[in-house]
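[1] Output the structure for:
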Amino acid sequence: MLPLTTTNHDNELRKSAFCGLTTSTVPTPDLQQYSTYTDLLKAYIQHDNTPTADDYKGAELAALRKIQTDSFAEELSCLRANKPLPKHSRLLCLAPEFDDVIELIRVGGRLRQYSQLEEDAIHPIVLDSRHPITKLIIKEYDNQLHHPGPDRVFAELRRKYWVLRGRAAVKSRQRQCTECQRWRGQPHPPKMADLPQARLRIHQPVFYSTGVDCFGPYTIKVGRRNEKRWGIIFKCMTSRAVHIDILTSMDTDSFLMALRRFIARRGKPFELLADQGTNFRGGERELRESFMALHPELQAHLASQQIRFLFNPPSAPHFGGCWEREIRSLKAALQVTLGAQTVSEEVLRTVLIEIEGILNSKPIAYTSSDIADPDQVTPNLLLMGRRDASLPQVTYHDSELLSRRRWKHSQLLADHFWRHFIRHYLPNLQIRQKWKTGGTDLQIGDTVMIIDQQLPRALWPVGKVVQVHPGTDKRIRSAEIQVKDKTYTRPVAKLVCLPPLHD
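    Numbers count the residues shown, from 1 in each chain. Predicted coordinates for the structure are as follows:
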């Protein structure tokens, strides 16, 4: 009995081992290990020889069956058994059919009578957009078509596959694609900030907080030769008054002499705000480079005069929109007045001063047509005691206005200006004209692309955020970007956030 028992025991072990070896189904490749659809198909091919077209076709069918088995198991069982689909099925509106040849679900649809389309276009294979293999297919099409718009990728997919919620899946994929975002991504600036303190210096002297910027160059005629001149504008951040002067060159001495003339005529400002000149383009490159060169020396001189000098981030003209808008109006007036002709320095200076008077005569708030409304106030009311330099002095009915005390006269004019400023102009500054909603703040380590309008989009530099600079509202409004061995400071409005570069 013992030998027989031993022999039977051996036979049982032998059979168990044999059953394990007869398993012919190869486990499905781990989908998380493959970043492209082509690599996944190679994993489905079993032999080590050079893959053929039939091998890739068989691997593709196996991958598609995997998608439908995971996503439409109930529908597959019903269609194989020729049973109707359940009423809650996502495929009910497609009138799906089971293809016995390739063992996949196809769209039945309503186009079977149209014979000029290919079979795959009339009866595309149904895929679930949430499946990992479907996402790899969409990525493959996006790469092969060189990252076009979502409609182009979706139309090409429809020629063979019917992806449920396919358009949304393609858009979602392209939002995560670094290359797509490099070509179509847009910056997402934070919500427009509150007005800075410099814009709210109520009851302070004119030009207490002043924005300064340069413009030009303009060609003038000196005898028989032509020379260049630049303009400089000082803008009161609160009252919107402007002061315009001419620079003979873009060096430190010329700027400081213009500043001394400004202080002699308008008074010493508490602070000066500038934009580092990096918003200049094209032919004004000389102005940008010169302004950057005098930056350290200028700061040292103004510090000794107890004038704060505040710089906006580079390439951020919207930080100085208060004076940039005046430069636009000034250039338009110069174009209308002078056109392309070359004039003498005296003519140019005269035209600029006349433009200064026009800008200072603009009402600072809405002008009402009601005759009962008080006179609109302008920056000239603070500068010279009347709304317009070409008009006589305004007469008001206040009893103290015609007093013999001239200081009371001036004080009443200033009070009239500030009363109107607070009542009619200041409330209009509450509205945010753009950037009304805030997005996600940049984080250190994010990958971004720097917008540079001087370069084509394909050459815009890409780097990583190494430092962020929050505003007074704690929202990130500028950041330092490291590109190779250089670091740039740019506003968030000039940065396009990209997915990780290893995508």
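
[2] Only C-alpha atoms from now on, for both contacts and neighbour counts.
    Noted.

[3] who does the helix or strand hosting Leu383 touch, helix- and strand-wise?
    Assigned by DSSP states H and E, Leu383 belongs to helix 379-384. Using 3 or more C-alpha pairs under 8 Å, 6 or more residues apart in numbering; DSSP states H and E, the elements in contact with helix 379-384 are helix 345-360, helix 406-420.

[4] among the ones you listed, where is the model least confident on average?
    Of all the helices and strands packed on helix 379-384, mean pLDDT reaches its minimum on helix 406-420 (a mean of 63).

[5] After that helix, which helix or strand is next? Please name it.
    Downstream of helix 406-420 (by DSSP H and E), the next one is strand 447-450.

[6] What residues of that following strand count as buried?
    Thr447, Val448, Met449, Ile450 (16 or more other C-alpha atoms under 10 Å).

[7] Just put those residues in TSV and tack on pLDDT.
    Below are these laid out as TSV (pLDDT from 0 to 100):
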residue	pLDDT
Thr447	92
Val448	93
Met449	93
Ile450	92
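
[8] Got the confidence number for Ser399?
    With respect to pLDDT, Ser399 has a value of 50.

[9] Next: Asp503.
    pLDDT, Asp503: 45.

[10] for Arg167, same thing?
    94.

[11] For it, grab the count of nearby residues.
    By other C-alpha atoms under 10 Å, the residues close to Arg167 number 17.

[12] For it, which non-adjacent residue is spatially closest?
    Phe154 (6.0 Å; C-alpha to C-alpha, 6 or more residues apart in numbering).

[13] give me phi/psi at that neighbour?
    With angles defined as degrees, to the nearest 10, Phe154 sits at phi -70, psi -40.

[14] what's around it, how many residues?
    Phe154: 22 neighbours (other C-alpha under 10 Å).

[15] again with Ala332
    12.

[16] what ranges of the chain fall below the confidence cut-off?
    Along the chain, the model assigns pLDDT under 70 to residues 1-27, 277-295, 299, 302-304, 365-375, 385-414, 416, 501-503.

[17] buried residues in stretch 181-192?
    Gln181, Arg182, Gly185, Gln186, Pro187, His188, Pro189, Pro190, Met192.

[18] Looking at the residues you listed, which are in helices?
    In this view, the buried residues of stretch 181-192 that belong to helices under DSSP state H are Gln181, Arg182.

[19] And the furthest pair within the buried residues of stretch 181-192?
    For the buried residues of stretch 181-192, the maximum inter-member distance is 24.9 Å, found between Arg182 and Met192 (C-alpha to C-alpha).

[20] Tell me who's in contact with Ile327.
    Phe215, Ile233 (C-alpha atoms under 8 Å, 6 or more residues apart in numbering).

[21] Give me the secondary structure label for it.
    helix (DSSP: H, G, I helix; E, B strand; the rest coil).

[22] same deal with the one 4 residues further on?
    At Lys331 the chain is in helix, as set by three-state DSSP.

[23] So what's the residue count around it?
    The burial count for Lys331: 15, using other C-alpha under 10 Å.

[24] for Leu426, same thing?
    For Leu426, using other C-alpha under 10 Å, the count is 16.

[25] What about the buried residues of stretch 181-192, which are in strands?
    Using DSSP state E, no member of those falls within strands.

[26] Which one of the buried residues of stretch 181-192 is nearest to Val496?
    Pro187 (4.5 Å).

[27] and the buried residues of strand 447-450, which two are the farthest apart?
    Farthest pair in these, by C-alpha to C-alpha: Thr447 and Ile450, 10.1 Å.

[28] overlap in contacts of these two?
    Val462, Gly463.

[29] where do the strands sit along the stretch 201-350 of the chain?
    209-222, 225-236, 242-247, 271-274, 308-311 (DSSP state E, counting those that start in this stretch).

[30] tell me the angle the second one makes with strand 242-247.
    Per axes from the mean of the first three to the mean of the last three C-alpha atoms, to 10 degrees, the angle that strand 225-236 makes with strand 242-247 is 150 degrees.

[31] in strand 225-236, what's buried?
    Arg229, Trp230, Gly231, Ile232, Ile233, Phe234, Lys235, Cys236.

[32] ok, Cys180 to Met257 distance?
    Distance check for Cys180 against Met257: by C-alpha to C-alpha, to the nearest Å, it reads 51 Å.

[33] now do Leu79
    88 Å.

[34] So between those two, which is more surrounded?
    Counting neighbours by other C-alpha under 10 Å for Leu79 and for Met257 shows that Leu79 has the greater number, 16 against 12.

[35] Contacts only, for the most centrally placed residue in the chain.
    Geometric centre of the chain, nearest residue: Pro187, 1.7 Å, by C-alpha atoms, centre = their mean. Taking C-alpha under 8 Å, 6+ apart, we find Pro187 in contact with Val492, Ala493, Lys494, Leu495, Val496, Cys497.

[36] ok, and the closest non-adjacent residue to it?
    Using C-alpha to C-alpha, 6+ apart, the closest residue to Pro187 is Val496 (4.5 Å).

[37] show me the contacts for the one you found.
    Arg182, Gly185, Gln186, Pro187, His188, Val448, Met449, Ile450, Ile451 are the contacts of Val496 under C-alpha under 8 Å, 6+ apart.

[38] Kindly recompute the last result at 6 Å.
    Gln186, Pro187, Val448, Met449 (C-alpha atoms under 6 Å, 6 or more residues apart in numbering).

[39] what about His469, distance to Phe262?
    33 Å.

[40] Is it possible to get TSV of the strands of the stretch 201-350 of the chain that adds distance to Ala53?
    Below are the strands of the stretch 201-350 of the chain laid out as TSV (distance: least, C-alpha to C-alpha, whole Å):
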stretch	distance to Ala53
strand 209-222	66
strand 225-236	70
strand 242-247	74
strand 271-274	65
strand 308-311	64
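
[41] Asp39: which of these is closest?
    Of these, nearest to Asp39 by C-alpha to C-alpha is strand 308-311, at 52.1 Å.

[42] Only alpha carbons, please: show the closest one as PDB.
    Extracted C-alpha coordinates of strand 308-311, given in PDB (Å, rounded to 0.1, in the frame of the first residue of the first chain):
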ATOM      1  CA  ARG A 308      11.800 107.600  -3.000                       C
ATOM      2  CA  PHE A 309      12.400 105.900  -6.300                       C
ATOM      3  CA  LEU A 310      10.100 102.900  -6.900                       C
ATOM      4  CA  PHE A 311      10.500 100.600  -9.900                       C
END
